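1. here's a sequence, model it:
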Amino acid sequence: MKYLHAAMAGAIALLIGCQVARPDPTLNSDPDFAWQQVQQAAQKAAYGPSQPAAWKTQQPTREEEQQWYHQQSDMARTAAAEAREFFTKFPESANVMAAKRLECQMWEIAFTRGDNSKGTYTAWANAQTALLGDTNLTDDDRFDLRLEIANRQRVDPNLDWKTRDAAYEKALHELIKDYPQREELYNQLALMAAESPDDDQARSIAKEILASPAPDRAKAMAQSILHKLDAVGKPLDIHFTALDGRTVDLSQMKGKVVLVDFWATWCGPCVGEVPHVKAAYEKYHSQGFEVVGISFDKDKQALANFVKSHDMPWPQYYDGSVWKNKFGVQYAIDAIPTMWLVDKKGNLREQNARGQLDEEVPKLLGEN
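-> Prediction:
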């Protein structure tokens, strides 16, 4: 099961300290003891309820997992309420600021761990806004909070993805204006460009980063993004000897529509896409559809065993270099699964084919 993001878990650990027993759900009248109660509630919410012992040997159903996450959300809502009660009841306590930060973090857990309702999102947003207005925030804490608010806007259930992305990009630009030396802002902007399904937006952000005082890492990512975008409409220089000994050369596959699947057996979402790729292959192969796998696996035998057990007849590239995979580096692949489609003329036509094979493959097959 997934647990709280490492960065948040670390922040909570700093605020929580050692675990203590929680004798009563109502905060004690003693501020020190009450703070221990708040810490304990946050600790429980951060890591969630104990998983059933049966899950160690039997995969839980989707409904069981959802129920577990909803329990974690309930615990987080309780912890958020206790944190608010604490800083309201003990305004002179030295732990007031820590309690306000915990309230924000608990609402985030409640929203992201099973209760992504508008009401919970609003409570999370309100807690952050209230904290942002606290004059006792240090400059570093204010920066961190503004960045957290920017990231929250990316999951706003009230907005469509384009509006969310626009709000996030605007927030990052405002932060860069106020904190031009903070490298992580440029890195996040570059990551946004890398993940954007809008090529024009990605290109614009990448060029902006290259013209800015961004750190080398962000500029390298921006250059890779432009290189990837420039590959569209051009032939792919991909040729190799496959895992099973076959010779593969995309330049010799003109007249075919080819899916280039960047993936790995250790990647859960990649494995989840295998049935869809197989279905497309079986449906369209006789019409001229081919698949070429570019594996990011390290273990050669594990890859071979997986391909055999899942009856995947298409060739696989393997070099054991994981993220330094030859073609992954060549084409700036920074996330998998990534699915590209090559048309009959041998030119790259689509870089976001995941989930669109039944729409895009017939369209390309129908071209002259």
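2. could you chop the protein up by domain?
-> Per automatic domain parsing, the structural domains of the chain span 6-225, 239-365.
3. could you pick out the longest helix of the chain?
-> In the chain, with assignment by DSSP state H, the single longest helix is helix 62-89.
4. quick check: angle from the helix or strand just after it to helix 62-89?
-> Sequence-wise, the next helix or strand downstream of helix 62-89 (DSSP states H and E) is helix 96-112. Between helix 96-112 and helix 62-89, the angle comes out at 160 degrees (axes from the mean of the first three to the mean of the last three CA atoms, to 10 degrees).
5. where do the strands sit along the stretch 101-250 of the chain?
-> Along the stretch 101-250 of the chain, the segments classed as strands by DSSP state E, counting those that start in this stretch run 239-241, 247-249.
6. in JSON lines: those, plus mean pLDDT, mean neighbour count and distance to Glu108.
-> All C-beta atoms are positioned from the backbone trio N, CA, C, and that covers glycine. What follows is the strands of the stretch 101-250 of the chain, written out as JSON lines (pLDDT from 0 to 100; neighbours: other CB atoms under 10 Å; distance: least, CB to CB, whole Å):
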{"stretch": "strand 239-241", "mean pLDDT": "96", "mean neighbour count": "14", "distance to Glu108": "44"}
{"stretch": "strand 247-249", "mean pLDDT": "96", "mean neighbour count": "13", "distance to Glu108": "46"}
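7. out of the ones you listed, which gets nearest to Val329?
-> Among the strands of the stretch 101-250 of the chain, strand 239-241 comes nearest to Val329, with 14.0 Å by CB to CB.
8. indicate each strand paired with the closest one and its parallel or antiparallel sense.
-> Partners of strand 239-241 in the sheet, by DSSP bridges, are strand 247-249 (antiparallel).
9. quick one: name whatever helix or strand follows the helix or strand harbouring Tyr281.
-> According to DSSP H and E, Tyr281 maps onto helix 268-284. As assigned by DSSP H and E, the chain's next helix or strand after helix 268-284 is strand 289-295.
10. partners of that next one, with directions?
-> Applying DSSP bridges, one finds strand 289-295 paired with strand 257-263 (parallel), strand 316-317 (parallel).
11. want to try TSV for those strands, with mean pLDDT, distance to Arg164 and mean neighbour count as columns?
-> Formatted as TSV, these follow (pLDDT from 0 to 100; distance: least, CB to CB, whole Å; neighbours: other CB atoms under 10 Å):
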stretch	mean pLDDT	distance to Arg164	mean neighbour count
strand 257-263	97	26	24
strand 316-317	97	36	22
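12. so for Lys345, which of those strands sits nearest?
-> Evaluated with CB to CB, the strands paired with strand 289-295 place strand 257-263 nearest to Lys345, the distance being 10.3 Å.
13. got the angle between that closest one and helix 268-284?
-> Angle, strand 257-263 to helix 268-284, by the same axes, to 10 degrees: 160 degrees.
14. now do the buried residues in stretch 127-137.
-> Across stretch 127-137, burial judged by 16 or more other CB atoms under 10 Å covers 127-128, 131, 137.
15. kindly indicate which of the residues you listed lies nearest Leu364.
-> For the buried residues of stretch 127-137, the nearest to Leu364 is Gln128 (45.8 Å; CB to CB).
16. all set, thanks.
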